[in-house]
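In: A predicted structure for the sequence below; I have some questions about it.
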Amino acid sequence: MQLFLKDYQTAIERFLEAADKMLERGYDRFALGALEYANDCYKALGRERGKKVTELKKRIAEVKKKLEAQTF
């Protein structure tokens, strides 16, 4: 909801918390979505660089790599 209310900082925090919980439970695809939404919030805030954004992009890449490696 904070995303749509443009409370991006709160939205980032909640998306990251959700991603952590989903990764703990093995729901990697949902976690990836939450991480990408957090990245979108950083973009909306004009923060496309920095340590937190770099770490977030690394996490996104790791989850994508993990999902690509999975076979069904």
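Out: Nice, I can see it. Please read all numbers here as calculations on a predicted model, not as lab measurements.
In: measure the closest residue to Leu45 other than its chain neighbours to Asn39 for me?
Out: Nearest non-adjacent residue to Leu45, counting by Cβ to Cβ, 6 or more residues apart in numbering: Tyr8, 5.0 Å away. In short, each C-beta sits where N, CA and C put it, glycine included. Shown here: Tyr8 relative to Asn39, a distance of 11 Å by Cβ to Cβ, to the nearest Å.
In: Between the two, which contacts overlap?
Out: Counting by Cβ atoms under 8 Å, 6 or more residues apart in numbering, no residue touches both Tyr8 and Asn39.
In: Past the helix or strand harbouring Asn39, which element shows up next along the chain?
Out: Asn39 is part of helix 28-44 when elements are defined by DSSP states H and E. Tracing the chain C-terminally past helix 28-44 and defining elements by DSSP H and E, one meets helix 51-69 next.
In: Counting neighbours, which bits of that next one end up buried?
Out: By neighbour count with 16 or more other Cβ atoms under 10 Å, helix 51-69 contains the buried residues 53, 56, 59-60, 63.
In: Can you tell me which residue is spatially central in the chain?
Out: Among the residues of the chain, the one closest to the centroid is Leu35, at 0.9 Å (Cα atoms, centre = their mean).
In: In terms of pLDDT, where does Arg49 sit?
Out: At Arg49, the predicted lDDT confidence score is 80.
In: hmm, back to that, before we move on, what's the pLDDT of the residue nearest to the centre of the chain?
Out: At Leu35, pLDDT is 97.
In: and what of Met1?
Out: Confidence at Met1, expressed as pLDDT, is 53.
In: Go ahead and confirm Val63 touches Phe30.
Out: No: contact criterion Cβ atoms under 8 Å: Val63 and Phe30 do not qualify, at 10.2 Å.
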